[in-house]
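[1] Got a predicted structure plus its sequence, pasted below:
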Amino acid sequence: MAGAPTMPRWRPCWVTERRLNGWLALGLIATLAIGAAVGPYAIAPQQLVAVLSGDRSDPQAVTVLWNIRLPRVLAAAMVGAALAAAGAAYQTTFRNPLVSPDILGVSAGAGFGAVLGILLGWPVMAIQMLGFGTGLATVAMVLGLTMVLRGAGQVLVMVLCGIAIGALAGAGISLVKLLADPEQQLPAITFWLMGSLAGVKRPDIAAALPALLVGLAPLLALRWRIGLLAMGDDEARSMGIDATRLRLLVIACATLMTAAAVALAGVIGWIGLMVPHMARLLTGPRFDRLLPAAILIGAGFMVLVDTSARSIATVEVPLGILTAVLGAPLFVWLLARGTKAWSE
């Protein structure tokens, strides 16, 4: 047809889906090993294998690995996988490649709860739980306001409500920073908002893992149906899919994972926006293939970022700074690649 837009030609991946996920899983294992070995207290590969095998001849290496390094590495993998999965789900559900996990205000809501807990002097676990709860409450407010405005089936109304509620949560964060003690509380609030896994312990992982699994399991189980949302609501309904109900389920699952990740590690940008694009270069746009790859790439990427954060300088670099420094140029490169594909 004359005047029809030219769609970019997708070049199929050179490996099968199973083989690709296998290679990505091996890469994740390698990054986990690097993250466990590299740091201010370096652990040699043979020593790492020995300690993991039960050798306790070096008490210092045992303490560092089991009490500090492994919890942090596992937490980084969990956060990266959760944010990448949430980003891929949101981008497919809203049919917009520029959507990130905090589009409905969950990051701002969780951040407000966490900084409020810091202001009140609560313990770390209570701060994380408060951040998790306020993140979920923020999205619940967005969905409730959308229904009041009778726009439950309209994505645009939902996104605009998320922007409004997120702005209110951001104003609350600014107010808390204004009221915080500039000597003790304000530095802690600022550092937390930039993202960090410095204080993660095994109980923190145990507290966040159930929410991550509960949010991730439906996305994996329904990923073939979720992929139909990218075709539009009418096409999805013609195939027997209740698009509105499925979209609300995806939002609930992605929000649960994002709130748990933000409560555990603070506000970390770019992962949920950038990693799904990286995965699409390997899998194509189909969500059933995209989601597993995004989970594995996000986990490995976050482990490498966290390892760099505690290794490149004498003072630990906040994760949000590193993800922005790495993410912005990479996203520009992805944008240039996509522009070139559209012009072909």
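    Thanks, I have it. For clarity, every value in this text was computed on a predicted model and none was experimentally measured. Numbering: from 1, shown residues only.
[2] Low-confidence regions, the protein specifically.
    Counting by pLDDT under 70, the chain shows low-confidence ranges at 1-15, 151-153, 338-344.
[3] Secondary structure element holding the residue nearest the centre of it?
    Nearest to the mean C-alpha position of the chain, counting by C-alpha atoms, centre = their mean, stands residue 83 at 1.3 Å. Residue 83 is part of helix 70-94, with elements assigned from DSSP states H and E.
[4] Counting by contacts, list what that helix packs against.
    Counting contacts by 3 or more C-beta pairs under 8 Å, 6 or more residues apart in numbering; DSSP states H and E, helix 70-94 packs against helix 17-37, helix 202-221, helix 223-228, helix 243-265, helix 271-283, helix 287-309. (Glycine included, C-beta is placed from N, CA and C.)
[5] Now the element after it, going C-ward?
    As the chain continues past helix 70-94, the following element, by DSSP H and E, is helix 106-119.
[6] tell me which residues of the helix or strand that that next one is followed by are tucked away?
    Following helix 106-119 in sequence order, the next helix or strand is helix 124-148 (DSSP H and E). Neighbour-count burial for helix 124-148, with 16 or more other C-beta atoms under 10 Å as criterion, is recorded at 127-132, 134-139, 141-143, 145-146.
[7] One more: stretch 21-35?
    Buried, per 16+ other C-beta under 10 Å, within stretch 21-35: 21, 24, 28, 31-35.
[8] will you turn those residues into JSON lines that also has distance to residue 335?
    Putting the buried residues of stretch 21-35 into JSON lines (distance: C-beta to C-beta, whole Å) gives the following:
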{"residue": "21", "distance to residue 335": "26"}
{"residue": "24", "distance to residue 335": "23"}
{"residue": "28", "distance to residue 335": "26"}
{"residue": "31", "distance to residue 335": "26"}
{"residue": "32", "distance to residue 335": "30"}
{"residue": "33", "distance to residue 335": "33"}
{"residue": "34", "distance to residue 335": "29"}
{"residue": "35", "distance to residue 335": "29"}
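[9] Looking at these, which one is closest to residue 52?
    Of all the buried residues of stretch 21-35, residue 33 has the smallest distance to residue 52: 9.4 Å, by C-beta to C-beta.
[10] Any buried residues in the strand or helix carrying residue 163, and which?
    In the assignment (DSSP H and E), residue 163 maps to helix 155-179. Across helix 155-179, burial judged by 16+ other C-beta under 10 Å covers 155, 157-162, 165-166, 169-170, 172-173, 176-177.
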